[in-house]
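Participant: here is a sequence with its predicted model. Questions after.
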Amino acid sequence: MPTSDDDRLVALETRLLRDDPRFVRRFRAGRPARPHEYRRTRAWWLLGVGLTTLGTGIAVADGLVIAAGLVLAGIAVERCDPQRTRGRTGRHDGRPPR
């Protein structure tokens with residue numbers, strides 16, 4: 001490979017190591033892990049707890065428990081989004097950032 005290609009690969013590896021060190025460690029060991037964007041186990045657990053709390057709130061007719069269940073379920077759904085970015089800086093008028 002030409003030197004420029006090697007430099008690009010090194011830059012790519014460095015950026016990947018910074019973004020998802022667990023993936024790089026597992027990849028080097030020969031057993032790659034799912035990338036960070038696709039690890040949603042906590043979100044599924046949170047969704048389960050939120051829906052259980054919501055169901056309990058409906059069963060006992062307690063508005064505070066219902067609200068807590070809805071909040072937990074909403075947080076879980078937000079965490080399931082694979083395209084979410086850390087520290088969104090988009091515009092509030094609906095246009096994409098420049």
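Facilitator: Nice, thanks for sending it over.
Participant: when you work out contacts or count neighbours from here on, use the C-alpha atoms and nothing else.
Facilitator: Will do.
Participant: show the pLDDT at Thr14.
Facilitator: Looking at Thr14, its pLDDT stands at 86.
Participant: assign a three-state SS to it, would you?
Facilitator: With DSSP: H, G, I helix; E, B strand; the rest coil as the basis, Thr14 sits in helix.
Participant: how would you label Asp81: helix, strand or coil?
Facilitator: Following three-state DSSP, we place Asp81 in the coil state.
Participant: what mean pLDDT does the helix or strand that Leu47 is a member of have?
Facilitator: In this structure, Leu47 sits in helix 41-60 according to DSSP states H and E. Mean pLDDT, computed over helix 41-60, is 92.
Participant: buried ones in it, by neighbour count?
Facilitator: Going by neighbour count (16 or more other CA atoms under 10 Å), the buried part of helix 41-60 is 43-44, 46-55, 57.
Participant: distance from stretch 16-31 to the middle of the chain?
Facilitator: 17 Å (CA atoms, centre = their mean, to the nearest Å).
Participant: just the C-alphas of it, formatted as PDB.
Facilitator: Below are the C-alpha coordinates for stretch 16-31, written out as PDB (Å, rounded to 0.1, in the frame of the first residue of the first chain):
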ATOM      1  CA  LEU A  16     -12.300   4.100  16.100                       C
ATOM      2  CA  LEU A  17     -10.200   3.500  19.200                       C
ATOM      3  CA  ARG A  18     -11.300   6.900  20.600                       C
ATOM      4  CA  ASP A  19     -14.900   6.400  19.700                       C
ATOM      5  CA  ASP A  20     -15.400   2.700  20.800                       C
ATOM      6  CA  PRO A  21     -12.400   1.200  22.600                       C
ATOM      7  CA  ARG A  22     -14.300  -2.000  23.600                       C
ATOM      8  CA  PHE A  23     -15.000  -2.800  19.900                       C
ATOM      9  CA  VAL A  24     -11.300  -2.300  19.000                       C
ATOM     10  CA  ARG A  25     -10.100  -4.500  21.900                       C
ATOM     11  CA  ARG A  26     -12.500  -7.300  21.000                       C
ATOM     12  CA  PHE A  27     -11.700  -6.900  17.300                       C
ATOM     13  CA  ARG A  28      -7.900  -7.300  18.000                       C
ATOM     14  CA  ALA A  29      -8.700 -10.400  20.000                       C
ATOM     15  CA  GLY A  30     -10.500 -12.000  17.100                       C
ATOM     16  CA  ARG A  31     -14.000 -11.800  18.600                       C
END
